[in-house]
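**Student:** Provided below are the primary sequence and the corresponding predicted coordinates.
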Amino acid sequence: MPRLFPSLMLLAALGGCTALPPSTAGVAVHDFGPLEAATLAPVGIPLRNVEVVPAPWLASNVMAYRLAYAQSTRRQAFKDNRWAAQPAQLVELVLKRALRAGDPATPAGGCRLRVDLDEFTQRFDSPQASRGVIEARVTLLAPRTEQPLAVRAFALDHEAPTADAAGGVAALRAGTLQLKSDIRNWLQGLEAAAPGPAGSLRTRCGS
């Protein structure tokens, strides 16, 4: 019996290996790569947080695409490519950095920015041409009451340099950076158009 014990242990170890998850060596995992540091002008509105909420069909890390020229109502996913996190999480990181949400200098009662991400996909208009499509609804919410102070819808698309998954990553990265800039410009425009100190968004957001 003692001689059998090492063999039994080896069999048990081999049996345990079958419970391991399948290898993902052949899967390419993408994010937005290094985000260049830039000197940004102040937004003018104190933000305590930015939250990006994904639509149900975006609540995973699959890389979705749509063949608009063949099956425009069908969502599909690349088998050998995926995002490093959910698209909403990648977008949220970009926006938080750009808008300096949660900066230690931000007043405790700062406003909250909610971004409802409705679309984040690669759309093929033909087998040789595709683009990254992003659709989002952005709401500026007041401190404590969560009352909407302003709402804006954004729809962006960027041509992909290549008609494959890598091209889609590049196009959606460019679209996310444009979304960041468009939201900054929108917030700065809201503050500039406010009717005086008492009614300014800077004041209402606790500055």
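**Tutor:** All right, it came through fine. Residues are numbered from 1 along each chain as shown.
**Student:** in this structure, which spans are helices?
**Tutor:** Under the criterion DSSP state H, the chain contains helices at 4-17, 87-99, 165-193, 201-204.
**Student:** For residue 125, which of the ones you listed is the nearest?
**Tutor:** helix 165-193 (12.2 Å; CB to CB). Placement of C-beta: from N, CA and C, glycine included.
**Student:** just the angle between the closest one and helix 87-99, please?
**Tutor:** Orientation check (axes from the mean of the first three to the mean of the last three CA atoms, to 10 degrees): helix 165-193 against helix 87-99 gives 40 degrees.
**Student:** Now helix 165-193: buried residues?
**Tutor:** By 16 or more other CB atoms under 10 Å, the buried positions in helix 165-193 come out as 165, 167-177, 179-180, 183-184, 187, 190-191.
**Student:** Just checking the distance from it to the centre of its chain.
**Tutor:** Offset of helix 165-193 from its chain centre (CA atoms, centre = their mean, to the nearest Å): 11 Å.
**Student:** for stretch 158-172, same thing?
**Tutor:** Counting by CA atoms, centre = their mean, stretch 158-172 comes out at 16 Å from the chain centroid.
**Student:** ok, now how distant is the residue most central in space within the chain from residue 117?
**Tutor:** Geometric centre of the chain, nearest residue: residue 91, 2.5 Å, by CA atoms, centre = their mean. Distance, residue 91 to residue 117, using CB to CB, to the nearest Å: 6 Å.
**Student:** Same question for residue 36.
**Tutor:** 23 Å.
**Student:** same question, residue 74
**Tutor:** 20 Å.
**Student:** returning to what we had before: and for residue 91 and residue 117, which residues touch both?
**Tutor:** residue 52 (CB atoms under 8 Å, 6 or more residues apart in numbering).
**Student:** Output the contacting helices and strands for the lengthiest strand in the chain.
**Tutor:** Of all segments of type strand in the chain, defined using DSSP state E, the longest is strand 111-126. Counting contacts by 3 or more CB pairs under 8 Å, 6 or more residues apart in numbering; DSSP states H and E, strand 111-126 packs against strand 47-54, strand 62-67, helix 87-99, strand 129-141, helix 165-193.
**Student:** strands paired with it, and their directions?
**Tutor:** strand 47-54 (parallel), strand 62-67 (parallel), strand 129-141 (antiparallel) (DSSP bridges).
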